[in-house]
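Enquirer: this one's sequence-less:
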């Protein structure tokens, strides 16, 4: 009980930190406007299409929206690695707002339905940069490792609310006004998201290395290569894609369960969907409690398991109450999967290709959802409703069992190096780095022990490393004369690396000294690729050279 209360206190502190961070607060509010407006637009478009062409028109609109978006998404990931991620989100929002407003004008003018459908396809394409850019941008706004996980939990909770609020608001507006008026309201809401994003200072610019690969095709492939060559990233993306495949099956199976298996009416479809949304909100609370434990890969596996198993259990009962409860559990698993997978990928993906990794992921998720929806009718036809539920329900638990060992190894290797992160954050030119970048540096740093009196670096020798004093004391000598003593948190070695010159001083251990050591490549990649850090480092170098 004490442990639970302590975790509740930590979760409350983490969430308070998110809302206390002005930039994260604006980002989350922008996401809220965007997701609610998106779902309201979806409902409005479905109603318009059904009125004009029935179920066939609804299916056509779905294909026009998701297939082009899946094709364009990898390019959106590339843009997130090349350009200002904040401006990409702003452009995505304003582009969608203009296109939806144009759709309202088309409806008011009595234009052919095909024009509204074509605009819907463009809206889907315009939306593609938002999620990869947001996923790559969020770490740059987090001030602590806990804030990143909490920010993803808040985003997942907002998405769950959007699944409820968007369709409800859209439905009410359609009942009270008209399709055109509802489209105008959604356009204004998405524009409000863009305005909120404009108020965030420019941060999260991709490192210069992002544009170093020649050729657009090669650059696009970098995201896929990062997934293919890093087993943990590949496993996470694979399991996430399997979960969204089952999500595609679920969209059809819920209708089948409601209308035939439970002998309910059309309202039952809404109730079952609502149950998953309620579960999603509960899942945000659960994820908030779990995300700080440092076992994100295990939480991800648990979420995937909870998303699949309830479907198999629904097949064991014809009870409406049981189905509602089980789909609520499924909703909890969905949020837990989203939060843990996104946080893990933000930490694991290399900074220079993180946008492209999320671009590939978003494309795979769109395609697997579409594939699941396409195969669901055949699965029901071949196995019956109960058989289809069991088949869909056991797929994910089976995959989690097979991957359990790898997930445990990911967690074992992903322990946040809290002490090292805090030590590096004390270095002025590391303090402005995004939290994910500092954590990545801390993981790559090595420890070195030096006995009292030993020379750590010698004046005029080549410089290949940067040092931070973890414990002990080191003396700085220039021309044999002592100029400074460095204690815990003191650092040296940056001048030779940044100016590509020999060491300008000798550093000796006054006591037995423990050091945190970064290689030249790791140091320069972090500093040179992030303008605020480079400016701070150059200021430190100038100050030290001036004193010398």
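Expert: Alright, I've got the coordinates. What you see is a predicted model; the values in this text were computed from it and never measured.

Enquirer: residue 174 against residue 45, yeah?
Expert: No. The criterion here is C-beta atoms under 8 Å, and residue 174 misses it with residue 45 at 11.0 Å. (Each C-beta comes from the backbone N, C-alpha and C, glycine too.)

Enquirer: who has more neighbours, the two?
Expert: Between residue 174 and residue 45, counted using other C-beta atoms under 10 Å, the more crowded position is residue 45 (26 against 17).

Enquirer: show the pLDDT at the more buried one.
Expert: pLDDT, residue 45: 81.

Enquirer: quick check: phi and psi at it.
Expert: Phi and psi for residue 45, reported as degrees, to the nearest 10, are phi -70, psi -40.

Enquirer: any idea how far it lies from residue 101?
Expert: Note on residue 45: its distance to residue 101, by C-beta to C-beta, to the nearest Å, is 14 Å.

Enquirer: now do residue 172
Expert: For residue 172, the distance to residue 101 - C-beta to C-beta - is 20 Å.

Enquirer: look at the two and report which has more neighbours.
Expert: Using other C-beta under 10 Å as the criterion, residue 172 and residue 101 rank with residue 101 on top: 18 against 12.

Enquirer: how about that one, what does it touch?
Expert: By C-beta atoms under 8 Å, 6 or more residues apart in numbering, the residues touching residue 101 are 183, 184, 187.

Enquirer: so it: helix, strand or coil?
Expert: Under DSSP: H, G, I helix; E, B strand; the rest coil, residue 101 falls in the helix class.

Enquirer: residue 422: how many residues sit nearby?
Expert: Residue 422, neighbours per other C-beta under 10 Å, totals 13.

Enquirer: close enough to count as contact, residue 433 and residue 526?
Expert: Yes. Between residue 433 and residue 526 there is a contact under C-beta under 8 Å: 6.3 Å.

Enquirer: how about residue 160, nearest residue that isn't a chain neighbour?
Expert: Leaving aside its sequence neighbours, residue 160 sits nearest to residue 280 (C-beta to C-beta, 6 or more residues apart in numbering; 3.3 Å).

Enquirer: mind listing what the one you found touches?
Expert: By C-beta under 8 Å, 6+ apart, residue 280 lies in contact with 156, 157, 159, 160, 163, 331, 332, 334, 335.

Enquirer: ok, it to residue 250 distance?
Expert: 13 Å.

Enquirer: just put the contacts of residue 101 in a markdown table and tack on distance to residue 381.
Expert: A markdown table is the format used below for those (distance: C-beta to C-beta, whole Å):
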| residue | distance to residue 381 |
| --- | --- |
| 183 | 37 |
| 184 | 42 |
| 187 | 41 |
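
Enquirer: quick one: which of those sit in helices?
Expert: The helices, defined by DSSP state H, take in 183, 184, 187 from the contacts of residue 101.

Enquirer: neighbour-wise, which one of the residues you listed leads?
Expert: residue 183 (28 neighbours).

Enquirer: look at the nearest residue to that one once chain neighbours are set aside and tell me its secondary structure.
Expert: Leaving aside its chain neighbours, residue 183 sits nearest to residue 104 (3.8 Å; criterion: C-beta to C-beta, 6+ apart). For residue 104, the assignment made with three-state DSSP gives helix.

Enquirer: per-residue pLDDT of residue 104, please?
Expert: 93.

Enquirer: do the same with residue 411
Expert: 67.

Enquirer: just the helices in the stretch 301-450 of the chain please.
Expert: In the stretch 301-450 of the chain, the helices defined using DSSP state H, counting those that start in this stretch lie at 320-348, 354-413, 418-425, 428-431, 435-444.

Enquirer: of those helices, which is nearest residue 82?
Expert: Among the helices of the stretch 301-450 of the chain, helix 354-413 comes nearest to residue 82, with 8.0 Å by C-beta to C-beta.

Enquirer: so what does that closest one touch, helix or strand wise?
Expert: When contacts are defined as 3 or more C-beta pairs under 8 Å, 6 or more residues apart in numbering; DSSP states H and E, helix 354-413 packs onto helix 22-82, helix 130-141, helix 216-229, helix 231-256, helix 296-314, helix 320-348.

Enquirer: what is the mean pLDDT for the fourth one?
Expert: Average pLDDT, helix 231-256: 80.

Enquirer: which stretches of the stretch 301-450 of the chain have low pLDDT?
Expert: Counting by pLDDT under 70, the stretch 301-450 of the chain has low-confidence residues at 346-348, 350-352, 354-355, 411-416, 432, 434-436.

Enquirer: separation between residue 69 and residue 134?
Expert: Taking C-beta to C-beta, one finds residue 69 at 15 Å from residue 134.

Enquirer: so which of the two has more stuff around it?
Expert: For the pair residue 69 and residue 134, the greater number of neighbours falls to residue 134 (24 against 20), based on other C-beta under 10 Å.

Enquirer: need the contact list for that one.
Expert: Contacts for residue 134 (C-beta under 8 Å, 6+ apart) come out as 27, 31, 85, 89, 155.

Enquirer: return the closest of the contacts of residue 280 with respect to residue 464.
Expert: residue 156 (43.3 Å).

Enquirer: that closest one should be in a helix, yeah?
Expert: Yes. Residue 156: assigned to a helix according to three-state DSSP.

Enquirer: what's the local residue count around it?
Expert: 24.

Enquirer: per-residue pLDDT, it?
Expert: At residue 156, the pLDDT value in this model is 72.

Enquirer: listing partners with orientation, what would you give for the helix or strand hosting residue 485?
Expert: Here residue 485, judged by DSSP states H and E, is contained in strand 481-486. Strand 481-486 sits in its sheet next to strand 474-478 (antiparallel), going by DSSP bridges.

Enquirer: and the partner strand, what's buried?
Expert: If you call a residue buried by 16 or more other C-beta atoms under 10 Å, then strand 474-478 has these buried ones: 474, 475, 476, 477.

Enquirer: then stretch 391-401?
Expert: 391, 392, 393, 395, 396, 397, 399, 400.

Enquirer: coming back round to it: want to throw the helices and strands packed on helix 354-413 into TSV with distance to residue 468?
Expert: As requested, those are exported to TSV (distance: least, C-beta to C-beta, whole Å):
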stretch	distance to residue 468
helix 22-82	27
helix 130-141	22
helix 216-229	28
helix 231-256	27
helix 296-314	27
helix 320-348	21
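
Enquirer: which one of these is the most hemmed in?
Expert: helix 130-141 (a mean of 26; mean count of other C-beta atoms under 10 Å).

Enquirer: what's the domain layout of the protein?
Expert: Using automatic domain parsing, the domain parsing of the chain gives 19-144+166-200, 219-415, 418-547.

Enquirer: redo the contacts of residue 134 as JSON lines? Include distance to residue 129.
Expert: Shown next, in JSON lines, are the contacts of residue 134 (distance: C-beta to C-beta, whole Å):
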{"residue": "27", "distance to residue 129": "15"}
{"residue": "31", "distance to residue 129": "14"}
{"residue": "85", "distance to residue 129": "9"}
{"residue": "89", "distance to residue 129": "7"}
{"residue": "155", "distance to residue 129": "16"}
